[in-house]
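Visitor: Quick one: sequence plus predicted model below, questions after.
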Amino acid sequence: MAKKIKIRLRQKEDALDLPLPDYATDGASGMDMYADVKEDVAIDHGEIKLISAGIYISIPEGYEAEVRPRSGLALKHGITLVNTPGTIDSDYRGLVSLIVTNLGKETFVIKRGMRLAQMVIKEVIKAEFEVADELDTTKRFAGGFGHTGI
């Protein structure tokens, strides 16, 4: 069974008609987020637009929200988020918005209440760096950027 935490949420005054973020199925790890647009918003190929999700959230310290594209929109229409996954920190209290881009060939129209992204709540581990003269060696060592082939 998945761990559950409470997250306080406030809706924008003019977004009270939109559903709250929710899980589409019992096994879903991401909550659907809905487009808070007053009228249809067309996004042409290559364009980037900021789309409100119509919510403000209070994430407990020690957690973050990751905002990710929806796979169906990505596959069928080329709709994705520019900063994926986007991070909502525990101390952010502003309007949650989505940086949406269209990688598809056709203009895509965002309609009010459309499921546009998904939000996953994650625990945060804070790292502390220790300066060292040498790092431990591994089989891979410094190999990267396709060094193992295609």
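Guide: Yep, it's here. Residues are numbered from 1 along each chain as shown.
Visitor: Need phi/psi at the residue lying farthest from the centre of the chain.
Guide: Distance from the C-alpha centroid of the chain, by C-alpha atoms, centre = their mean, peaks at residue 133 (37.3 Å). Backbone geometry at residue 133, expressed as degrees, to the nearest 10, gives phi -80, psi -30.
Visitor: how close does it sit to residue 102?
Guide: Residue 133 sits 48 Å away from residue 102, going by C-beta to C-beta, to the nearest Å. From N, CA and C alone the C-beta is placed, and that goes for glycine too.
Visitor: for residue 33, same thing?
Guide: Residue 33 sits 18 Å away from residue 102 when distances are taken as C-beta to C-beta.
Visitor: which one is residue 38 nearest to, not counting chain neighbours?
Guide: Spatial nearest neighbour of residue 38, excluding adjacent residues (C-beta to C-beta, 6 or more residues apart in numbering): residue 112 at 7.3 Å.
Visitor: a strand runs through that neighbour, doesn't it?
Guide: No: assignment of residue 112 by DSSP: H, G, I helix; E, B strand; the rest coil gives coil, placing it outside any strand.
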